[in-house]
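>>> using only what follows, build the 3D model:
(2 chains)
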Amino acid sequence: MADQVRLSKVALSADFARRVEELSGQSPYRCYQCGKCGAGCPFAEYMDLLPSQVLRLVQIGDERVLDAGAPWSCASCLACEVRCPRGVDIAKVMEAVRLLSLRKGRTPFAVDEAASRRLPQIALVGITRKMTP
Amino acid sequence: MNTILYYPGCGVADQARSMEKGAREALTALDWEMQEMSRWNCCGTVYSLATDDLMRHVGPARVLARAQDAGQERLLTLCSMCYSTLKRSEQFLTADRERLDRVNAFLDDEPDYRGGLRVVHLLELLRDEIGYEAVQERVVRPLQGLKVAPYYGCTLTRPRAAGVDDPERPTVLEDLLTALGAEAVATAERVECCGAYLTASSPDVARRRAVDIARAAIAGGAELMITSCPLCQYNLDTRLAEARGSSDLRVPSVYFTQLLALALGGDPAVEEHEIDPLPVLAARGLSVEVKA
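The predicted structure is shown next:
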């Protein structure tokens, strides 16, 4: 077993990386994986992938990022955006991944009904906008 | 009396009325009047981050076009989210003639938006035009001894190009508190997001964020927090009160406009809170009546 080399059979797609780039207006290749975005993200502890890992999957064109939970824990708070040493607006990349996921018919968000009683309109409008492809 | 055209937004017009009442009271004391737009719609609450959905700029564009049609060069907002969404849309549209034309094509029953309207947050008006020194001169009930943690949240200062202050080291709220005679307390969480609209999908995340923010405020010695956004206020009040194990973290929050009104001798319009701010105020000799 120790001698075996495992090769991944995951299909990678340069087109996917280009779609994210076009939709976000951000080049994912600017990211050099320093991890500062995830280090300061108030929601990183709820994410299955760190923001830098989301960017890495986009860079290599791995569409499995569309099934990740991380973009749905992002509140577009822009803490990463003001801190990124490479000037990547990561929230826009997260938005592009969310939109591509929604446009494939996925709906990972749900409004928690018990929590939505007495919610301010801005919370309801905000979440509805984020669920709209 | 100076006047400025004012956009309330849906939060301020409903559940955050105390934010507006405080602002009106305070501005009256400063010889300013907010004139509500005769017609307005929701700003959209969240700025569109994608390049291909121009449609989402139509809502903000309608607001901007109406303000301009009313002969104004600027528009005042109180809510940080409205401020950010309107300001960023304004910058996005004004930067590109083609985009602006396409959005205007959808405003067929409205005057066109010509670009260039200045979206102003109340804190900018207070700091840059009225001036904190003038505010200080009008203080009749100094908030002596009151230890307040400013909570900035996100959209007041981020992104940098559409913020009222430095996104990492803002002072606009601290400086206001100082002018009012209060003691501004620095906290580690003051610019970290409260969870925003995730409060609708993941209320537990919002509860845990509120707990972290309250814990940081208490660690800094604060007895009260101030906010500039109805959604921050909701999360720091309702979600904090609901959080398990938060009984020793019950730091009340009010809008900055309410403290401003109080210090300037007006009614701070304190309404029902989950975490009542009145005991903290009363302990500093600032008794306030709650109106039903």
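>>> got the residues of the stretch 151-292 of chain B near chain A?
Contact residues (Cβ under 8 Å from any Cβ of the partner chain) of the stretch 151-292 of chain B with chain A: B:154, B:158-160, B:167-168, B:191-193, B:195-203, B:205, B:209, B:212, B:230-231, B:234, B:238. Glycine gets a C-beta too; all of them are placed from N, C-alpha and C.
>>> so which residue of the stretch 1-150 of chain B comes closest to chain A?
At 3.8 Å from chain A, residue B:49 is the closest residue in the stretch 1-150 of chain B, using Cβ to the nearest Cβ.
>>> which of the residues of the stretch 151-292 of chain B next to chain A count as buried?
Buried residues within these, defined by neighbour count using 16 or more other Cβ atoms under 10 Å in any protein chain shown: B:154, B:158-159, B:167, B:191-193, B:195-203, B:205, B:209, B:212, B:230-231, B:234, B:238.
>>> among the residues you listed, which lie within helices?
Residues from those lying in helices, with DSSP state H as the criterion: B:198-201, B:203, B:205, B:209, B:212, B:230-231, B:234.
>>> pull out the buried residues from the helix or strand residue B:64 falls within.
Using DSSP states H and E, residue B:64 maps to helix B:58-69. Neighbour counts using 16+ other Cβ under 10 Å place B:58-68 of helix B:58-69 among the buried residues.
>>> show me where chain A has its helices.
A:14-24, A:36-40, A:51-59, A:70-73, A:79-83, A:90-103, A:113-116, A:121-130.
>>> just chain B next, same as before
Under DSSP H, chain B gives helices at B:9-13, B:17-29, B:58-69, B:80-94, B:97-106, B:122-124, B:132-137, B:172-179, B:198-201, B:203-219, B:230-234, B:240-242, B:256-263, B:278-283.
>>> turn those helices into TSV, columns for mean pLDDT and distance to residue A:105.
Shown next, in TSV, are these (pLDDT from 0 to 100; distance: least, Cβ to Cβ, whole Å):
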stretch	mean pLDDT	distance to residue A:105
helix B:9-13	94	30
helix B:17-29	96	39
helix B:58-69	96	25
helix B:80-94	97	28
helix B:97-106	95	27
helix B:122-124	98	43
helix B:132-137	98	53
helix B:172-179	98	44
helix B:198-201	94	18
helix B:203-219	97	25
helix B:230-234	97	29
helix B:240-242	95	34
helix B:256-263	98	43
helix B:278-283	96	50
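>>> of all those, which lies closest to residue A:101?
helix B:198-201 (14.7 Å; Cβ to Cβ).
>>> just checking, what packs against the closest one?
Here helix B:198-201 touches helix A:113-116, helix A:121-130, helix B:203-219, going by 3 or more Cβ pairs under 8 Å, 6 or more residues apart in numbering or on different chains; DSSP states H and E.
>>> just put the ones you listed in TSV and tack on distance to residue B:287.
Listed next are the helices and strands packed on helix B:198-201 as TSV, based on distance: least, Cβ to Cβ, whole Å:
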stretch	distance to residue B:287
helix A:113-116	35
helix A:121-130	32
helix B:203-219	23
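>>> closest one to residue B:87 among those helices?
helix A:121-130 (15.9 Å).
>>> could you list the buried residues of that closest one?
Using 16+ other Cβ under 10 Å as the test for burial, helix A:121-130 gives A:121-127, A:129-130.
>>> can it be found next to chain B?
Yes - when contact is scored as Cβ under 8 Å from any Cβ, part of helix A:121-130 falls within range of chain B: A:121-127, A:129-130.
>>> nearest to chain B among those residues?
residue A:126 (3.2 Å).
>>> what residues does the closest one make contact with?
Residue A:126 is in contact with B:45-46, B:81, B:196-197, B:200, B:231, counting by Cβ atoms under 8 Å, 6 or more residues apart in numbering or on different chains.
>>> with residue B:174 instead?
With the criterion set at Cβ under 8 Å, 6+ apart, residue B:174 makes contact with B:150, B:184, B:186.
>>> out of the residues you listed, give me the one that has the most neighbours.
Tallying neighbours with other Cβ atoms under 10 Å in any protein chain shown puts residue B:150 at the head of the contacts of residue B:174, with 26 neighbours.
>>> among the helices and strands of chain A, which has the poorest mean pLDDT?
helix A:113-116 (a mean of 75; mean pLDDT, DSSP states H and E).
>>> for residue B:11, what are its contacts?
Per Cβ under 8 Å, 6+ apart, neighbours of residue B:11: A:120-122, B:79, B:81-82, B:229-231.
>>> interface residues of the stretch 1-150 of chain B facing chain A?
Residues of the stretch 1-150 of chain B lying near chain A by Cβ under 8 Å from any Cβ: B:9-11, B:14-16, B:42, B:44-46, B:49-52, B:56, B:79, B:81.
>>> give me the phi and psi for the most centrally placed residue in chain B.
Residue closest to the average C-alpha location in chain B (Cα atoms, centre = their mean): residue B:228, at 2.7 Å. When read as degrees, to the nearest 10, the backbone of residue B:228 gives phi -130, psi 20.
>>> could you check the pLDDT of the closest residue in space to residue B:178 that isn't next to it in sequence?
Spatially, and ignoring its direct neighbours in sequence, residue B:178 is nearest to residue B:184 (6.0 Å; Cβ to Cβ, 6 or more residues apart in numbering or on different chains). On the pLDDT scale, residue B:184 is placed at 98.
>>> contact partners for the nearest residue to residue B:69 once chain neighbours are set aside?
Nearest residue to residue B:69, sequence neighbours excluded (Cβ to Cβ, 6+ apart): residue B:111, at 4.4 Å. Going by Cβ under 8 Å, 6+ apart, residue B:111 touches B:65-66, B:68-69.
>>> show me the shaky parts of chain A.
A:1-2 (pLDDT under 70).
>>> that older thread, the helix holding residue B:64 packs against which elements?
Looks like helix B:58-69 contacts strand B:2-7, strand B:74-77, helix B:80-94, helix B:97-106 (3+ Cβ pairs under 8 Å, 6+ apart).
>>> and the angle for it with helix B:97-106?
Interaxial angle of helix B:58-69 relative to helix B:97-106 (axes from the mean of the first three to the mean of the last three Cα atoms, to 10 degrees): 90 degrees.
>>> contact partners of helix B:58-69?
Contact with helix B:58-69 is made by B:5, B:7, B:37, B:39-44, B:74-75, B:85-86, B:89-90, B:93, B:103-104, B:106-107, B:110-114, B:117, B:119, as judged by Cβ under 8 Å, 6+ apart.
>>> switch to 6 Å and redo it
The set of residues external to helix B:58-69 that reach it, using Cβ atoms under 6 Å, 6 or more residues apart in numbering or on different chains, is B:5, B:40-41, B:43-44, B:75, B:85-86, B:89-90, B:103, B:106-107, B:110-111, B:113, B:117.
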